[in-house]
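A.B. asks: Can you look at this prediction? I've put the sequence above it.
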Amino acid sequence: MGNFINKSILIVDDIPTNIKILFEILNHYGFRVSVAKSGQSALEKIKESLPNLILLDVMMPGMDGFETCHRLKADPKTKDIPVIFMTALSDSVNKIKGLKLGAVDYITKPFETEEVLARINVHLELQQTQMKLVQEEKMSSLGQLVAGIAHEINNPVNFIYGNLIHAQNYITHLLELLSLYENHTNQVIPEIKAYSDEIDLDFIKQDLPRLLSSMAIGTERVEKIVRSLRLFSRLDNTTFQLFDIHEGIDSTLMILSHRLKATPKRPAINIVKNYEKSALVECYSGQINQVFMNLLANAIDAIEESILNHQIPDIPTISIHTTVLDDKKAVLIEIADNGIGISEEAQQKMFEQFFTTKPIGKGTGLGLAIAHEIIVEKHQGTLEVKSSPGEGAKFIITMPIQQTIITKNVMDNMG
């Protein structure tokens, strides 16, 4: 059976005997089980907490299973929850009706433990795979979008930046030529004097070089933004690359910069960076950027949630600290916020797939699970959290600097 301990299942049935049998089976295998005795009460219970899967009886008084399923599939918040019908009916017409309504499977009564577990296992695995693919597709699409925007901006910016140097030289020469004319021409021509006064020529001569310098600085800024966009969009997953962790963090902060600005509800979020001089690691750079995106976005969410709960920090702050460990074999990355914090119970489950503390419809429960998989499984690192409710949270990443050494050691041990 798959690793689905603590996954939640909602049983919807009006027969106490059926509920008791299913509850004992599922509880024994580590599922979190909740019960509703009618279709209407099931819809009400789901408003409080979304289950990972629903076992739904067909024949119930009042709202039957088919109508309940129809309403679940019509609601964007619940339409993706797998529904397995439970029925004693062998009529294929009823089964077809249920499948057309969006159910994924049937379990027949009387229940057989192995069948119940096997069918639940299959559909939880399918749901898990589907949601991971959706998350990965979102990140891939974001990377492609960012890369496309960066490419489109890059060409005109390079054109402007390259020509600014020539424009500065031309204007310098023209101002020098104008100065020569003024020094060697004694005759004052009224029309020229009047126009010089009208356009304030003395001010133009002083301000034009400063104006060009400001344009050059602005263009350099745009060029850095484009470079950050291109860096962030590296969603490669085939080879390890030497990657500057600091560039990855900075590019991610740039992508999230609109969320850091002040809003009518809160001041701007302050970013405090304490970087080690060098933090080059061998990694899948695009995947590491995805980890930074998840952790930093969660930190922003935590700060905003604390403000919604009237636990307003004096200065909303995200602190980022990097350290090359003493043995020079790993890099430590700490991302801390002064947001709402995380309960001890939530910390025990937060790296599990589909676990989320966010309101219904606002969190998939996949971000931290994928981050954990990327750091721990794909890069042989560690990802931990330290937090207390109301006191913010700190995520601590340890990553090997050289993946080739790690891989070689693993192979040697296997041999």
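C.D. replies: The structure has been received and is ready for your questions.
A.B. asks: ok now do residue 394, which residues does it touch?
C.D. replies: Neighbour list for residue 394: 334-337, 385-387 [criterion: CB atoms under 8 Å, 6 or more residues apart in numbering]. Using the backbone N, CA and C atoms, a C-beta is placed for each residue, glycine as well.
A.B. asks: phi, psi of it?
C.D. replies: phi -130, psi 120 (degrees, to the nearest 10).
A.B. asks: still on that earlier bit, turn the contacts of residue 394 into a markdown table, columns for secondary structure, pLDDT and neighbour count.
C.D. replies: Output for the contacts of residue 394, formatted as a markdown table (DSSP: H, G, I helix; E, B strand; the rest coil; pLDDT from 0 to 100; neighbours: other CB atoms under 10 Å):
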| residue | secondary structure | pLDDT | neighbour count |
| --- | --- | --- | --- |
| 334 | strand | 96 | 17 |
| 335 | strand | 96 | 21 |
| 336 | strand | 95 | 19 |
| 337 | strand | 93 | 26 |
| 385 | strand | 91 | 15 |
| 386 | strand | 91 | 14 |
| 387 | strand | 89 | 22 |
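A.B. asks: which one among these gets closest to residue 56?
C.D. replies: Proximity of those to residue 56, judged by CB to CB, is greatest for residue 385, which lies at 35.9 Å.
A.B. asks: And that closest one, how close does it get to residue 77?
C.D. replies: Noted for residue 385: a distance of 27 Å to residue 77, by CB to CB, to the nearest Å.
A.B. asks: swap in residue 402?
C.D. replies: Residue 402 is 45 Å from residue 77, where distance means CB to CB.
A.B. asks: Same check on residue 162?
C.D. replies: Counting by CB to CB - residue 162 and residue 77 are separated by 52 Å.
A.B. asks: Those two - which one has more neighbours?
C.D. replies: Remark: of residue 162 and residue 77, residue 77 carries more neighbours, 13 against 10, as counted by other CB atoms under 10 Å.
A.B. asks: so the more buried one, which of the three states?
C.D. replies: Classification of residue 77 using DSSP: H, G, I helix; E, B strand; the rest coil returns coil.
A.B. asks: State the phi and psi torsions of it.
C.D. replies: phi -80, psi -20.
A.B. asks: for residue 379, same thing?
C.D. replies: Torsion angles, degrees, to the nearest 10, at residue 379: phi -130, psi 10.
A.B. asks: Now the host helix or strand of residue 251: buried residues?
C.D. replies: Assigned by DSSP states H and E, residue 251 belongs to helix 245-255. Buried residues in helix 245-255, counted by 16 or more other CB atoms under 10 Å: 245-255.
A.B. asks: Then stretch 274-288?
C.D. replies: 279, 281-288.
A.B. asks: how distant is that stretch from the center of its chain?
C.D. replies: Here stretch 274-288 is found 18 Å from its chain centre; the criterion is CA atoms, centre = their mean, to the nearest Å.
A.B. asks: measure it end to end?
C.D. replies: 19 Å (CA to CA, to the nearest Å).
A.B. asks: quick one on the thing from earlier: mind checking which of the buried residues of stretch 274-288 land in strands?
C.D. replies: Mapping those onto strands (DSSP state E) picks out 281-283.
A.B. asks: I'd like to know which of the residues you listed is nearest to residue 321.
C.D. replies: Nearest to residue 321 among those, with distances taken as CB to CB, is residue 281, at 15.8 Å.
A.B. asks: Let me know the pLDDT of that closest one.
C.D. replies: pLDDT recorded at residue 281 is 91.
A.B. asks: dump the residue contacts of the nearest residue to it once chain neighbours are set aside.
C.D. replies: Leaving aside its chain neighbours, residue 281 sits nearest to residue 401 (5.0 Å; criterion: CB to CB, 6 or more residues apart in numbering). By CB under 8 Å, 6+ apart, the residues touching residue 401 are 280-282, 324, 328-331.
A.B. asks: And for residue 63?
C.D. replies: Contact analysis of residue 63 by CB under 8 Å, 6+ apart lists 38-40.
A.B. asks: Can you select the buried ones from those residues in ChimeraX?
C.D. replies: Of the contacts of residue 63, the buried ones go into a single ChimeraX selection, burial set by 16+ other CB under 10 Å:
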select :38,39
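A.B. asks: Now go through the contacts of residue 63 and say which are in helices.
C.D. replies: Among the contacts of residue 63, DSSP state H puts 39-40 in helices.
A.B. asks: Next SSE downstream of the helix or strand harbouring residue 149?
C.D. replies: Element membership of residue 149, judged by DSSP H and E, is helix 113-184. Later in the chain than helix 113-184, the nearest helix or strand by DSSP H and E is helix 190-199.
A.B. asks: Which strands or helices does whichever helix or strand comes after that following helix pack on?
C.D. replies: Next helix or strand after helix 190-199 toward the C-terminus (DSSP H and E): helix 201-232. Secondary-structure packing of helix 201-232 (3 or more CB pairs under 8 Å, 6 or more residues apart in numbering; DSSP states H and E): helix 113-184, helix 245-255, helix 285-308.
A.B. asks: Next, the angle helix 190-199 makes with the longest one.
C.D. replies: Going back to what we said before, that points to helix 113-184. Our comparison of helix 113-184 with helix 190-199, counting by axes from the mean of the first three to the mean of the last three CA atoms, to 10 degrees, yields an angle of 150 degrees.
A.B. asks: can you check the last one too?
C.D. replies: For helix 285-308 against helix 190-199, the angle between stretch directions is 60 degrees (the same axes, to 10 degrees).
A.B. asks: What mean pLDDT does helix 285-308 get?
C.D. replies: Mean pLDDT, helix 285-308: 87.
A.B. asks: Against residue 195, how distant is the residue lying farthest from the centre of the chain?
C.D. replies: Within the chain, the residue lying farthest from the chain centre (CA atoms, centre = their mean) is residue 187, at 70.5 Å. In this view, residue 187 and residue 195 are 15 Å apart by CB to CB.
A.B. asks: Also residue 367?
C.D. replies: 64 Å.
A.B. asks: So if I had to pick from these two, which one is more boxed in?
C.D. replies: Neighbour count, other CB under 10 Å: between residue 367 and residue 195, residue 367 has more, with 21 against 11.
A.B. asks: thought the more buried one was touching residue 296?
C.D. replies: No. Residue 367 is beyond contact range of residue 296, at 10.9 Å (criterion: CB atoms under 8 Å).
A.B. asks: Perfect, I'm done here.
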